[in-house]
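Student: Quick one: sequence and predicted model below, then my questions.
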Number of protein chains: 2
Amino acid sequence: MKLGKFYGVGVGPGDAELLTLKAKRILSSANVICAPRSGEDKRSLALSIVRKVVRKKFRVLQPYFPMVKDRAVLEKHWEQAADEIFAELKKGRSAAFVTIGDPLFYSTYSHVLKKIKARGARTETVPGVTSLSSCLAALQLPLLEGEERLAVIPASYGLEALESTAKNFDAIVLMKVSRNYDKIVERLGKLGLKDKAIFLSRCGTKKFFSAKLDEMLGREIDYFSMIIIKR
Amino acid sequence: MKLGKFYGVGVGPGDAELLTLKAKRILSSANVICAPRSGEDKRSLALSIVRKVVRKKFRVLQPYFPMVKDRAVLEKHWEQAADEIFAELKKGRSAAFVTIGDPLFYSTYSHVLKKIKARGARTETVPGVTSLSSCLAALQLPLLEGEERLAVIPASYGLEALESTAKNFDAIVLMKVSRNYDKIVERLGKLGLKDKAIFLSRCGTKKFFSAKLDEMLGREIDYFSMIIIKR
């Protein structure tokens, strides 16, 4: 039997209307939808978007990818997911791996893609609207104009380098700010950047809101949050 | 009469299928489509995408924005476009300003938006798939994983700072490489980055292609080109 094709599909930031026409077409024709979970009982936002747009039955795979840093543990889960998906492809079924935002920006998809390619299947990636674009649209904030420069930094790593980055870039996007939010705000305060920054949560979903950095101190910060600094 | 609403709509990188469902809905209901031109006789790629997706008649405005750096000249053209658009809104018509990629990344839209807001109209921005996302998808190249850092730099400005940027970032995207392409490649060679770089042209369109940097030396480089460096 001919191997089914494997797709990676960005479903956009959360609003089902921000799916592309191509994503809708491919999801509508795929036999299997693969929507990873990060917790044993967590529901998948990406899968709920697919359910809003695709009006037919499909098979669902929900591999579990734990939120850990141990590469060996992660490798085992990626391998397992690739095995499950490939078993479907071997039956001649097409499978679409869905990711929030774009599949090639900070997504587990790339690891699974590599393993599916290694097994010899045809693959295609469909880009999506990022949560950054959707935040900017909600605020109607132009991020970059003319010759301006942008830095995108996961905050857990980039804090030491923030001072030099602030000097050399016109706009900075701090990702993954939920874990050490208060420390980040303190650092931005010392660098005189607090007034030029804005906190954004759950971009592209109905729960979206923005706030001044200080308003969020001591509060629980959602994983889908970021800070945008525009000098 | 009630003022019409003004929309900024990202139509994606060039493939009409990469329009979002929301963009299609809004473009289909808008009375006026505003598609700027950068040359007196140049056809608008964004407008041709709209024509593929919207199956009804609409009024077209095609303001001319010259490719110059003189801020006073640009201001005059933005003001003129805002006047033309506002005249339509005053007739109760809705107008959608279309941009390739995302409206808030390096687009003239932001200037016109400001002027329309100042005139008191309601406005809404619809995000789009960027040409960067579409290039990555075409190459199936994961740009960022885990804690990695990204810099986006217009090459005409950022060349001096390239060495320190290369040290501090895992991925670098050089935009606007058409004007001084050979100089950029020479600089990347000196920094030992040439083998980690790839040239991309007309991402998201049928004319898309990628090449090694050296293959493009001495050739005419399209404006919609970029270089991606992944360390």
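Tutor: Thanks, I have it.

Student: Touching stretch A:154-162 from outside, list them.
Tutor: A:106, A:153, A:165, A:172, A:174-177, A:179-180, A:183-184, A:187-188, A:191, A:227, B:146-149, B:168 (C-beta atoms under 8 Å, 6 or more residues apart in numbering or on different chains). Backbone N, C-alpha and C define where each C-beta goes, glycine included.

Student: secondary structure class for residue A:84?
Tutor: helix (DSSP: H, G, I helix; E, B strand; the rest coil).

Student: Quick check: beta-bridge partners of the closest residue to it other than its chain neighbours?
Tutor: Closest residue in space to residue A:84, ignoring its immediate chain neighbours: residue A:61 at 5.6 Å, by C-beta to C-beta, 6 or more residues apart in numbering or on different chains. When bridges are called by DSSP bridges, residue A:61 pairs up with residue A:34.

Student: Let me see the contact set for residue A:61.
Tutor: By C-beta under 8 Å, 6+ apart, the neighbours of residue A:61 are A:32-35, A:81, A:84-85, A:88, A:95.

Student: Give me the phi and psi for the residue lying closest to residue A:150 once chain neighbours are set aside.
Tutor: Nearest non-adjacent residue to residue A:150, counting by C-beta to C-beta, 6+ apart: residue B:152, 4.1 Å away. With angles defined as degrees, to the nearest 10, residue B:152 sits at phi -110, psi 120.

Student: that older thread, give me the pLDDT for the residue nearest to residue A:84.
Tutor: As predicted, residue A:61 sits at a pLDDT of 97.

Student: What's the separation between it and residue B:224?
Tutor: 37 Å (C-beta to C-beta, to the nearest Å).

Student: What are the boundaries of the helices in chain A?
Tutor: A:21-29, A:45-53, A:71-90, A:109-118, A:131-139, A:155-158, A:162-168, A:181-190 (DSSP state H).

Student: Go through these and pick out the most buried.
Tutor: Ranked by mean neighbour count, the helices of chain A are led by helix A:131-139 with a mean of 25 (mean count of other C-beta atoms under 10 Å in any protein chain shown).

Student: Relative to the whole chain's centre, how far out is it?
Tutor: Centre-to-centre, helix A:131-139 and its host chain are 14 Å apart (C-alpha atoms, centre = their mean, to the nearest Å).

Student: Export it to CSV, keeping only CA atoms.
Tutor: What follows is helix A:131-139, C-alpha atoms only, in CSV (Å, rounded to 0.1, in the frame of the first residue of the first chain):
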residue,chain,number,x,y,z
SER,A,131,0.6,34.6,18.2
LEU,A,132,3.0,37.6,17.9
SER,A,133,1.2,38.8,14.7
SER,A,134,-2.1,38.4,16.4
CYS,A,135,-1.1,40.3,19.5
LEU,A,136,0.2,43.2,17.3
ALA,A,137,-3.1,43.2,15.4
ALA,A,138,-5.2,43.3,18.6
LEU,A,139,-3.2,46.3,19.8
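
Student: between that helix and helix B:131-139, how many degrees?
Tutor: If you take axes from the mean of the first three to the mean of the last three C-alpha atoms, to 10 degrees, helix A:131-139 sits at 150 degrees to helix B:131-139.

Student: contact partners of helix A:131-139?
Tutor: A:12-15, A:18, A:100-101, A:141-143, A:152, A:173, A:198, A:200, A:203-204, A:208, A:210, A:224, A:226, A:228, B:10, B:102-105, B:125-128, B:130.

Student: just the buried members of those?
Tutor: Among those, those buried by neighbour count (16 or more other C-beta atoms under 10 Å in any protein chain shown) are A:12-15, A:18, A:100-101, A:141-143, A:152, A:173, A:198, A:200, A:203-204, A:208, A:224, A:226, A:228, B:10, B:102-105, B:125-128, B:130.
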